[in-house]
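> Any chance you could fold what I've pasted below:
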Amino acid sequence: MESTSQSLSIMASVGGSGNTSSSTTREPFFEIDHGLNMYAHWYWNVHGYLSLVICTFGIITNVLNIYILTRPTMRTPINCVLTAIAMADVVTMSSYIPFSIHFYLLCGLETTPERYSYLWTTFLAIHGNLTTTSHAISIWLAVFMAIMRYVYLQTKKCPDIRTTCVIVSLIPFAVGAVMMPNYMMTTVIELPVQSRNRTANSTGVIYTLPVPVLGSEDPSILALVAFWLYSIMCKLVPCVLISLFIGLLLKKLHESAVIQKRLYKASNKTKKKNRHKSTTMMLLVIIVMYILTELPQVVVILMSANYKYFFLNVYMLLADTLDMAALVNNAINFVLYCSMSQQFRDHLYQVFAVFACKPAVPQPARKFSNNATYDTVNNHSHLEQLVPATTSEHV
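Numbers count the residues shown, from 1 in each chain. Okay, here's the model as predicted:
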C-alpha cells in the first residue's frame, strides 16, 4: 500500500526507477541488481490482475466476516476486535482496487500526463494515507488481540464487550495522531515533463507527490519526523510486541499441555481445555500472519535508513511484492475462520441457506456437565469463550 505509493511518487519525480548513474562510486546497493530488476518488471505485469482478484475476494469475505461476527450469538470481546480488523481490511482493499486498475491495468510504467494527472495524483495521495492508516490500525488491533488472549490465559479474565469496543474505537484515533505528520506533508506538486509522443491532450505537465524521506537528498524536519514516527510506532513497535506475545502464548500453551497431560483424563474439563487451546492456536495463526507480512517491511525500512541506495535500488523494486503480501493477509482471515471454527462454519451455512432459499438445519442444543442446555451464548460465557470456535464443542 504505502510502499507502492512511495515508489510511484519517486518514479514520477525522477522519470524512472532506481539509480542509473555511471559514477565510479561503489557504495552498497549502488547498482541495481539485474535479476531483481527483471523480477520487478515481470511481476509488475502480474500485480494489477492479481491484486484485483485478491481485493475482490477479500472485500466479499470480510463483509461476510463482519456479518457473521456481529450476529447475537457471536458477540464476544475477541470477535469485536476481529470485526474491527475486517472493517480496516475492507477499507484498505476498497481503496486498492481503483489504484490497481488505473496505475497497473490502464496505464503503463511510462511517466505520462495521463497516468499522473492532477486527479489521479490527488487520488494517489489520498490512497497512500488512507491505506497506510487502515493497515496500521489493523496491526495495532492484532497487538491488542494478542494481549487480550494472553491476559485471559493468565488470569481467566478479559475486558467485557463495552470496554473492548471503547479500546477498539480509540485505536484509530491514536494511529491518526501518529500519522498526522504524514498528512501534513502530503501535497500535489506540478512538474514539467518531456513527452515523447506529443498529442493535443498531452500538456507536458505531470503531478507528483513529495519524494519520501528515504528518496530525498535533503529531507525536511517534518519529513524526518513523519518517517521515523511511522516506522517506529506503526511498524517496529507492533512487530516487537506481536513477537513477544507470540512467544508468551506458545509458552503458555506448552505449560497448559503439560498440566493437562499430568492432571486430567478424558472429561468435560479436558474438552474445555482443548477448546481454549484450539482458540489460542487460531488466534496465533492470525497473529503470525501479521509477523510474516510486517517483518520483511521492517527489515527493508531499516536497510533503507542505513544504506543510501537501498531504497531506490532495492526497496522500490520490492514494493509491489510487499503490497501483495499485505493484501493476502487482509483477505485470508475468512479462510482461517472456516478451517478452524465449527461455529463460524455453522453460521456461514445458515447465511448461504438463506440466500439459497433453503431452510437452515437447526443446530442441536449442547449439554454441559450439569445437564443444562443452550441455544445461544450468554454474556457470562463470553468471559471464557472468546472466539467463534470456543462456543461449540468442535473447533
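
> rest of the way, CA atoms for contacts and neighbours
OK.

> mind exporting stretch 167-186 as CSV, just the C-alpha atoms?
Taking C-alpha atoms only, stretch 167-186 is exported to CSV below (Å, rounded to 0.1, in the frame of the first residue of the first chain):
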residue,chain,number,x,y,z
ILE,A,167,-10.5,0.5,23.3
VAL,A,168,-11.0,-0.6,19.7
SER,A,169,-12.6,2.8,18.9
LEU,A,170,-9.6,4.6,20.4
ILE,A,171,-7.0,2.8,18.3
PRO,A,172,-7.9,4.6,15.1
PHE,A,173,-7.6,8.0,16.8
ALA,A,174,-4.2,7.0,18.2
VAL,A,175,-3.0,5.9,14.8
GLY,A,176,-4.3,9.0,13.2
ALA,A,177,-2.3,11.1,15.7
VAL,A,178,0.9,9.2,14.8
MET,A,179,0.1,9.7,11.1
MET,A,180,-0.6,13.4,11.4
PRO,A,181,2.9,14.5,10.1
ASN,A,182,2.4,12.3,7.0
TYR,A,183,-1.0,14.1,6.4
MET,A,184,0.6,17.5,6.9
MET,A,185,3.4,16.9,4.3
THR,A,186,1.0,15.5,1.7
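
> Let me know the average pLDDT across that stretch.
Mean per-residue pLDDT for stretch 167-186: 94.

> in stretch 229-249, what counts as buried?
Neighbour-count burial for stretch 229-249 flags 229-231, 233-236, 238-239, 241-243, 245-246, 249 (criterion: 16 or more other C-alpha atoms under 10 Å).

> Out of those residues, which comes closest to residue 311?
Residue 311 has its nearest neighbour among the buried residues of stretch 229-249 in residue 231, at 14.1 Å by C-alpha to C-alpha.

> And that closest one, how far from residue 93?
Distance, residue 231 to residue 93, by C-alpha to C-alpha, to the nearest Å: 22 Å.

> coming back round to it: the buried residues of stretch 229-249 in helices, which ones?
Counting by DSSP state H, the buried residues of stretch 229-249 place 229-231, 238-239, 241-243, 245-246, 249 in helices.

> May I see the residues you listed arranged in a markdown table, with distance to residue 61 and pLDDT as well?
Output for these, formatted as a markdown table (distance: C-alpha to C-alpha, whole Å; pLDDT from 0 to 100):
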| residue | distance to residue 61 | pLDDT |
| --- | --- | --- |
| 229 | 33 | 92 |
| 230 | 29 | 92 |
| 231 | 30 | 90 |
| 238 | 25 | 93 |
| 239 | 26 | 92 |
| 241 | 28 | 94 |
| 242 | 25 | 92 |
| 243 | 27 | 90 |
| 245 | 27 | 91 |
| 246 | 26 | 89 |
| 249 | 28 | 87 |
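
> the strands in the stretch 151-300 of the chain, which residues?
189-192, 205-208 (DSSP state E, counting those that start in this stretch).

> for those strands, which one sits closest to residue 122?
strand 205-208 (8.6 Å).

> Now do the closest one: which elements does it pack against?
Counting by 3 or more C-alpha pairs under 8 Å, 6 or more residues apart in numbering; DSSP states H and E, the packing neighbours recorded for strand 205-208 are helix 2-14, helix 118-155, strand 189-192.

> Who are the packing partners of the shortest one?
Judged by 3+ C-alpha pairs under 8 Å, 6+ apart, the packing partners of strand 189-192 are strand 205-208.

> Please compute how far the strand it packs on lies from its chain's middle.
30 Å (C-alpha atoms, centre = their mean, to the nearest Å).

> Kindly report the same for stretch 58-66.
Distance of stretch 58-66 from the chain centroid (C-alpha atoms, centre = their mean) equals 14 Å.

> Show me where the stretch 251-395 of the chain dips below the pLDDT cut-off.
Confidence mapping of the stretch 251-395 of the chain against pLDDT under 70 gives the ranges 260, 262-279, 357-395.

> Take stretch 77-93, keep the C-alpha atoms, and write them as PDB.
Extracted C-alpha coordinates of stretch 77-93, given in PDB (Å, rounded to 0.1, in the frame of the first residue of the first chain):
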ATOM      1  CA  PRO A  77     -14.800  -9.300  23.100                       C
ATOM      2  CA  ILE A  78     -12.400 -11.000  20.700                       C
ATOM      3  CA  ASN A  79     -15.000 -11.100  18.000                       C
ATOM      4  CA  CYS A  80     -15.300  -7.300  18.400                       C
ATOM      5  CA  VAL A  81     -11.600  -7.000  17.700                       C
ATOM      6  CA  LEU A  82     -11.800  -9.400  14.700                       C
ATOM      7  CA  THR A  83     -14.800  -7.300  13.300                       C
ATOM      8  CA  ALA A  84     -12.800  -4.100  13.500                       C
ATOM      9  CA  ILE A  85      -9.800  -5.800  11.800                       C
ATOM     10  CA  ALA A  86     -12.200  -6.900   9.000                       C
ATOM     11  CA  MET A  87     -13.500  -3.300   8.600                       C
ATOM     12  CA  ALA A  88     -10.000  -1.900   8.400                       C
ATOM     13  CA  ASP A  89      -9.100  -4.600   5.800                       C
ATOM     14  CA  VAL A  90     -12.200  -3.700   3.700                       C
ATOM     15  CA  VAL A  91     -11.100   0.000   3.700                       C
ATOM     16  CA  THR A  92      -7.600  -1.000   2.600                       C
ATOM     17  CA  MET A  93      -8.700  -3.200  -0.300                       C
END
